[in-house]
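Undergrad: Got a predicted structure plus its sequence, pasted below:
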Amino acid sequence: MNGRKEILGIWTSENEGASFYASICSNLKNRGVTDIFVTCHDNLKGLGEAINAIFPKTKQQLCIVHQIHNSTKFVYYKDRKEICADLKKIYGAVNLDDAKYAKEEFREKWDKKYPSILRSWDTNWSELTTFFNYPEQIQHLIYTTNAVEAYHRMLRKFTKTKTIFPTDDSIRKGVFFSIKEVAKKWTVPVKDWAFAYSQIMIFFADRFAA
């Protein structure tokens, strides 16, 4: 995100959908977010479209970890380890051309037995491989939502003791105070963050605020 202020937002809704995601993006823009370089998400319906409607320059990256989980959901246990290793050759490739080659090797090996796996990869290929467009030093920051998932797990540790919230405000307050507790443990920076940040500044130099 482009800007120097930390922006914390907590939104609640009975149902998630395109209109809800659009309202979040609009709220972020109204509060000072002027640009988002790349978003990584798990392909919730309408989310990508909502982001690009408000921040049209944003590139979409689908979470590789979610894709792997979905790809192996109906795979026989005895095949799972080998399939995960072969899928890693795709997203762990040096560049996009090598990733395409690894995908075709996977197709030859597994497509007859598990045709649904690459059907999903083919459909979402451009959004699954966005990270290949960026320097290697920041690719690991782009292709998975693991950091967000870990954050959610920490929040649940604080909120699991209270299973009923009478109002939306009580939900927001509960989450807010949980965030304050979780933040106390954020003492170690992301590995090699200073170097990764320098790469981000170089790659997106024309979009950084003056």
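TA: Yes, it's here. As the structure is a prediction and not an experimental result, all values here were calculated from the model. Numbers count the residues shown, from 1 in each chain.

Undergrad: Please make it C-alpha for all contacts and neighbour counts, starting now.
TA: OK.

Undergrad: Let me see the contact set for Cys25.
TA: For Cys25, the contact set (CA atoms under 8 Å, 6 or more residues apart in numbering) comprises Ala50, Ile51, Ile54.

Undergrad: Could you identify which of the residues you listed has the most neighbours?
TA: Highest neighbour count within these: Ile51, with 23 neighbours (other CA atoms under 10 Å).

Undergrad: wait, doesn't that residue sit right on Lys59?
TA: No: Ile51 is beyond contact range of Lys59, at 9.4 Å (criterion: CA atoms under 8 Å).

Undergrad: List the ones among the contacts of Cys25 that fall in helices.
TA: Per DSSP state H, helices hold the following members of the contacts of Cys25: Ala50, Ile51, Ile54.

Undergrad: could those residues go into TSV alongside distance to Thr39?
TA: Shown next, in TSV, are the ones in helices among the contacts of Cys25 (distance: CA to CA, whole Å):
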residue	distance to Thr39
Ala50	12
Ile51	8
Ile54	13
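
Undergrad: can you redo those as CSV with pLDDT and distance to Pro189?
TA: Output for the ones in helices among the contacts of Cys25, formatted as CSV (pLDDT from 0 to 100; distance: CA to CA, whole Å):
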residue, pLDDT, distance to Pro189
Ala50, 92, 30
Ile51, 93, 27
Ile54, 93, 30
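
Undergrad: The most centrally placed residue in the chain in helix, strand or coil?
TA: Note on the chain: the residue nearest the mean C-alpha position is Cys40, at 2.8 Å, using CA atoms, centre = their mean. With DSSP: H, G, I helix; E, B strand; the rest coil as the basis, Cys40 sits in strand.

Undergrad: And the one 3 residues further on, by the same measure?
TA: Three-state call for Asn43 (three-state DSSP): coil.

Undergrad: For it, which non-adjacent residue is spatially closest?
TA: Nearest residue to Asn43 in three dimensions, chain neighbours excluded: Leu62, at 6.1 Å (CA to CA, 6 or more residues apart in numbering).

Undergrad: which residues does Ser19 contact?
TA: Residues counted as contacts of Ser19 (CA under 8 Å, 6+ apart) are Ala50.

Undergrad: Pull up the gap between it and Glu49, please.
TA: Ser19 sits 10 Å away from Glu49, going by CA to CA, to the nearest Å.

Undergrad: Most remote residue from the middle of the chain, which is it?
TA: Most distant from the centre of the chain: Pro166, at 30.9 Å, with distances by CA atoms, centre = their mean.

Undergrad: Confirm that it sits in a strand.
TA: No: according to three-state DSSP, Pro166 belongs to no strand; its state is coil.

Undergrad: next one: phi and psi at it?
TA: Phi and psi for Pro166, reported as degrees, to the nearest 10, are phi -70, psi -30.

Undergrad: per-residue confidence for it?
TA: For Pro166, the pLDDT comes out at 71.

Undergrad: need the strands for the protein, in chain order.
TA: For the chain, applying DSSP state E gives strands covering 38-41, 59-62.

Undergrad: mind listing what the last one pairs with, with the direction of each?
TA: Right, strand 59-62. When pairing is defined by DSSP bridges, strand 59-62 lines up against strand 38-41 (parallel).

Undergrad: So what's the model's average confidence on the partner strand?
TA: Average pLDDT, strand 38-41: 92.
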